[in-house]
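> Could you look at this predicted model? Sequence included:
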Amino acid sequence: MATDTRGLNGGTSTSASTSASASPDGADAVGTDVDGVDGTDTGVRDEGGTKPAHAADTAVRIHGLERSFGARKVLDGLELDIRAGEFVALLGRSGSGKSTLLRALAGLDHDVAGKGLLNAPANVSVVFQDARLLPWKRVLDNVLLGLTGPGARERGRAALAEVGLSDRESAWPVELSGGEQQRVSLARSLVREPELLLADEPFGALDALTRIRMHKLLRKLCAAHRPAVLLVTHDVDEAIELADRVAVLEDGRITADVPVELDGASGHGTREYAALRESLLARLGVDAERSQERDEERAPEHESEHESEHASDRTKDGEDGEDGETGEDTEDGRARDREDQKKKEEVSA
């Protein structure tokens, strides 16, 4: 078997060939490498079995996919289809195989024992939890990483404009906030017009207010570029708000595949939303009421959009005090502490 997939990992380019060898359990040990960033050939990895009819509007087709690490089978006969332009969120407990599935789709699971059918586009981009920007390259050069040819810089600038960073193209990554770094990562992925976007908890490290803004941005970008999307997340609300379908992965298999059919009036606080949320949490073995209480304590769920945007703009990595206080707020607090201490000393005297 020889397979060539192209355009993976958000523009990071490597090259080699695909090989298969027998694993101890008789399955194939499959390693798929990448070659270039602008490929147009379809990446099809038939890992044992006959390729079924592939509908024209299907971006991803997975049938009977298995992946094992030693004696532990992480993916066990997994089945999943994703249509072109469809947004699918993948929920699952830690260790359920979510990241293993993403690595298989990206062709990054070299020398992992497995078998099954995996059809994926050639042009795939990956967004990780951390932005993975090269610190020695400026923002625009990070977006253009591996992208060459006529008009490349213009495409990069247009991508930065889409994520609201047209004025930051000459900045160094260290000068950006966490949210800005993730926006650069999104621009780097989408500048290549991928057919499939894989997102591995891309907003997990961001504060709650920045996540709200990033959700809006991702929805806008996906509507404009129309890639198929597979988002791995632990956040049930994030899955509901962003996805067309929510799949639950448990013990290496998809145990639930639920369409999100909420209209604009069925947001937070409605019975429809609460019912879907409770159903998904139950699939994950989580008590819905306790989860809601934790969410309310952790983040201001109903903060106004205006306040969210300005609070997020003020929050930059390395510029804030503890617990998100700005330098000005921290200094005011210290001044009050000094005044209180002075009064105590006067009383003692």
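Nice, I can see it. Numbering: from 1, shown residues only.
> Next up, phi/psi of G146, please.
Backbone torsions of G146, given as degrees, to the nearest 10, read phi 80, psi 0.
> Give me the pLDDT for it.
Listed pLDDT for G146 reads 89.
> how far away is it from G156?
11 Å (CB to CB, to the nearest Å). Every residue, glycine included, has its C-beta placed from N, CA and C.
> Compare these two and say which is more crowded by neighbours.
In this view G146 and G156 are compared by other CB atoms under 10 Å, and G156 has more residues nearby, 22 against 17.
> Helix or strand: which one has that one?
Secondary structure assignment for G156, by DSSP states H and E: helix 152-162.
> And D109, by the same measure?
Secondary structure from DSSP H and E places D109 outside every helix and strand.
> so where do the helices sit in this structure?
Per DSSP state H, the chain carries helices over the ranges 98-106, 139-143, 152-162, 178-190, 208-225, 236-242, 271-283, 288-298, 305-314, 327-348.
> Spatially, what comes nearest to G267 if we skip its sequence neighbours?
Spatial nearest neighbour of G267, excluding adjacent residues (CB to CB, 6 or more residues apart in numbering): Y273 at 6.0 Å.
> what number of residues lie near the one you found?
Applying other CB under 10 Å, I find that Y273 has 17 neighbouring residues.
> That one is in contact with I240, isn't it?
Yes. Using CB atoms under 8 Å as the test, Y273 is close enough to I240 to be in contact (6.9 Å).
> measure I82 to V124 for me?
From I82 to V124 the distance is 12 Å (CB to CB).
> what do these two both touch?
Taking CB atoms under 8 Å, 6 or more residues apart in numbering as the criterion, I82 and V124 both touch L196.
> Which one's more surrounded, those two?
Using other CB under 10 Å as the criterion, I82 and V124 rank with V124 on top: 29 against 22.
> you'd agree that one is up against L196?
Yes. Using CB under 8 Å, V124 is in contact with L196, at 4.6 Å.
> Now the common contact residues for those two.
L105.
> Run through the bridge partners of F69.
Beta-bridge pairing for F69 (DSSP bridges): R72.
> So what's the residue count around A243?
22.
> How about S94?
7.
> what does A113 give?
A113 has 22 neighbours, counted by other CB under 10 Å.
> Hmm, it is touching K73, no?
No. A113 is beyond contact range of K73, at 9.0 Å (criterion: CB under 8 Å).
> Give me the common contacts of Y273 and I240.
Common neighbours of Y273 and I240 (CB under 8 Å, 6+ apart) are L262.
> so who does L242 touch?
Contacts of L242 by CB under 8 Å, 6+ apart are F87, A89, H215, L218, R219, L231.
> pLDDT score for it?
94.
> sorry, back to before: mean pLDDT lowest for which of the helices of the chain?
Among the helices of the chain, helix 305-314 scores lowest, with a mean of 44.
> Out of the contacts of L242, which end up buried?
F87, A89, L218, L231 (16 or more other CB atoms under 10 Å).
> The helix holding G156 to helix 208-225, inter-axis angle?
Put simply, helix 152-162 runs at 130 degrees to helix 208-225, going by axes from the mean of the first three to the mean of the last three CA atoms, to 10 degrees.
> From the contact counts, what lies against helix 152-162?
helix 139-143, helix 178-190 (3 or more CB pairs under 8 Å, 6 or more residues apart in numbering; DSSP states H and E).
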